[in-house]
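Q: here you go, sequence then predicted model.
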Amino acid sequence: MASTQKGAVVKVRLRKSNPRDLYFEDTLMPKWAHELDVLPISVLGDLGFRFNHWFFRFTVCVGRVRRSPTSAIRRHCMQLLEVIKGRRAEILERIPRRSTIKAPSEEVLDQWVRTLDQMIELSTGKKSCTWYADGHPSDQFWPGYPEYQKKLVARGYVFRERERAVARAREQYDTLLGALRAQK
């Protein structure tokens, strides 16, 4: 993703070194759930565009509430679980080589399996399900979309210092932009 300011193009890194908290049906998922798209796209890479795209779309939810029919959620999760069962050793070997994840491969894969199992369990008996990942005041569109703001308020988040947080994020962005320009 690129952002422009006064004619300069700056690359904005969307992923943090630690994954975001991801909530599926308002249930906090395991730590590495927000990085689940890394498995079909980067680690394996041979599962097909449509399949990979669904998981990419699943993880692009910072500050947004996403929704999908339960049938699609269950189908994709079950298919990925089958792939994991058949290729576990290969996946464990590839995680450190084909991703930026520095945590132990076994831990990451176990959390991905737990995430998929929980998604299947939480979607049982529903027509569609929602999910979202937490935003941060330094994010470009903080505090996110109105649906996401409602979720934060329901969890007890108070937007007392919203304007100050936005101003602080802008200052950090301007500082980063100045540092990048100074390096050129």
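A: Perfect, I can see it now.
Q: make it CA atoms for all contacts and neighbour counts henceforth
A: Will do.
Q: ok, then the element right after the helix or strand of the chain with the lowest mean pLDDT?
A: Across the helices and strands of the chain, mean confidence by mean pLDDT, DSSP states H and E is lowest for strand 8-11: a mean of 39. The helix or strand immediately downstream of strand 8-11 is strand 22-24, counting by DSSP states H and E.
Q: helices or strands next to that next one in the packing?
A: strand 128-133 (3 or more C-alpha pairs under 8 Å, 6 or more residues apart in numbering; DSSP states H and E).
Q: who are the packing partners of the strand it packs on?
A: On a contact count with 3+ C-alpha pairs under 8 Å, 6+ apart, strand 128-133 meets strand 22-24, strand 66-69, helix 70-98.
Q: of these, flag the one that's most buried.
A: Most buried of these by mean neighbour count (mean count of other C-alpha atoms under 10 Å) is strand 22-24; its value is a mean of 22.
Q: toward the C-terminus, what is the element adjacent to that strand?
A: Next helix or strand after strand 22-24 toward the C-terminus (DSSP H and E): strand 27-28.
Q: list the contacts of that next one.
A: The contact list for strand 27-28, computed with C-alpha atoms under 8 Å, 6 or more residues apart in numbering, reads D21, L22.
Q: buried residues of stretch 20-39, list them for me.
A: 20-25, 29-39 (16 or more other C-alpha atoms under 10 Å).
Q: let's see it as PDB, backbone CA atoms only.
A: What follows is stretch 20-39 as a C-alpha-only set of coordinates in PDB (Å, rounded to 0.1, in the frame of the first residue of the first chain):
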ATOM      1  CA  ARG A  20      -3.500  -8.200  15.900                       C
ATOM      2  CA  ASP A  21      -6.200  -9.600  18.200                       C
ATOM      3  CA  LEU A  22      -8.800 -11.100  15.900                       C
ATOM      4  CA  TYR A  23     -12.400 -11.600  17.100                       C
ATOM      5  CA  PHE A  24     -14.600 -14.100  15.400                       C
ATOM      6  CA  GLU A  25     -18.300 -13.900  16.400                       C
ATOM      7  CA  ASP A  26     -17.000 -11.600  19.200                       C
ATOM      8  CA  THR A  27     -14.700 -14.400  20.600                       C
ATOM      9  CA  LEU A  28     -11.000 -13.600  20.800                       C
ATOM     10  CA  MET A  29      -9.200 -16.100  18.700                       C
ATOM     11  CA  PRO A  30      -5.700 -17.500  19.300                       C
ATOM     12  CA  LYS A  31      -2.700 -15.200  19.000                       C
ATOM     13  CA  TRP A  32      -1.700 -16.100  15.400                       C
ATOM     14  CA  ALA A  33      -5.300 -16.100  13.900                       C
ATOM     15  CA  HIS A  34      -4.700 -12.700  12.200                       C
ATOM     16  CA  GLU A  35      -1.800 -14.200  10.300                       C
ATOM     17  CA  LEU A  36      -3.800 -17.200   9.100                       C
ATOM     18  CA  ASP A  37      -3.600 -16.100   5.400                       C
ATOM     19  CA  VAL A  38       0.200 -16.700   5.600                       C
ATOM     20  CA  LEU A  39      -0.400 -20.400   5.500                       C
END
